[in-house]
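A.B. asks: sequence-free structure coming up:
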């Protein structure tokens, strides 16, 4: 399995941005937008938006054929399936059959094919680089995540109003927050205020 350095900058529609590392590229992808109340976070409005996200490191899949609206629809369906299964695993609930079917269907397509340089280091992906291949790579990573040893470390941020989900890859396995700079510090401030407000 090819490994990646993960993490992306997330933008809050109310203003501001922050670095969030979900611990897996497929989980980073799950945070590019969403359905219902999460539609305000949507960043994949056009096929070109999808192509730009896939082309960024760590996946760095520069498409050789332009993404289409059909690709965008498939990508959003996979994104929702990853989101749903990650939250189900974090909450200890059974994985939804429909979401599993979407992930399996995407994973069944050919994935991105890596190339090797003469120096023995990874090069760019072997052409052609298609959207379906990139989505398959993300889906296969999610399959491995859900079925592998890190499955029990998929967690939702411990803050009451934060739905971000991540896989805790730290050695002690003690990660609780999406980021310490965001929810972790907010929790510390609230706890400090509560202690100060408590009569001695």
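C.D. replies: Sure, I can see it. On a predicted model such as this, the values are computed, not experimentally measured, just so you know.

A.B. asks: For this protein, which segments are assigned as strands?
C.D. replies: For the chain, the strands defined by DSSP state E cover 8-11, 17-20, 154-156, 165-167.

A.B. asks: Does anything pack onto the third one? Which helices or strands?
C.D. replies: In this case it means strand 154-156. helix 69-91, strand 165-167 (3 or more C-beta pairs under 8 Å, 6 or more residues apart in numbering; DSSP states H and E). All C-beta atoms are positioned from the backbone trio N, CA, C, and that covers glycine.

A.B. asks: ok, now with 6 Å
C.D. replies: Counting contacts by 3 or more C-beta pairs under 6 Å, 6 or more residues apart in numbering; DSSP states H and E, strand 154-156 packs against helix 69-91.

A.B. asks: roughly how far apart are the one residue sitting closest to the centre of the chain and residue 48?
C.D. replies: By C-alpha atoms, centre = their mean, the mean C-alpha position of the chain lies nearest to residue 27, the distance being 1.8 Å. For residue 27, the distance to residue 48 (C-beta to C-beta, to the nearest Å) stands at 23 Å.

A.B. asks: next one: residue 156
C.D. replies: 31 Å.

A.B. asks: again, but for residue 146
C.D. replies: From residue 146 to residue 48 the distance is 30 Å (C-beta to C-beta).

A.B. asks: And for residue 135?
C.D. replies: Distance, residue 135 to residue 48, using C-beta to C-beta: 16 Å.

A.B. asks: before we move on, back to that, more neighbours: which of residue 156 and residue 48?
C.D. replies: Using other C-beta atoms under 10 Å, the more surrounded residue of residue 156 and residue 48 is residue 156, with 17 against 12.
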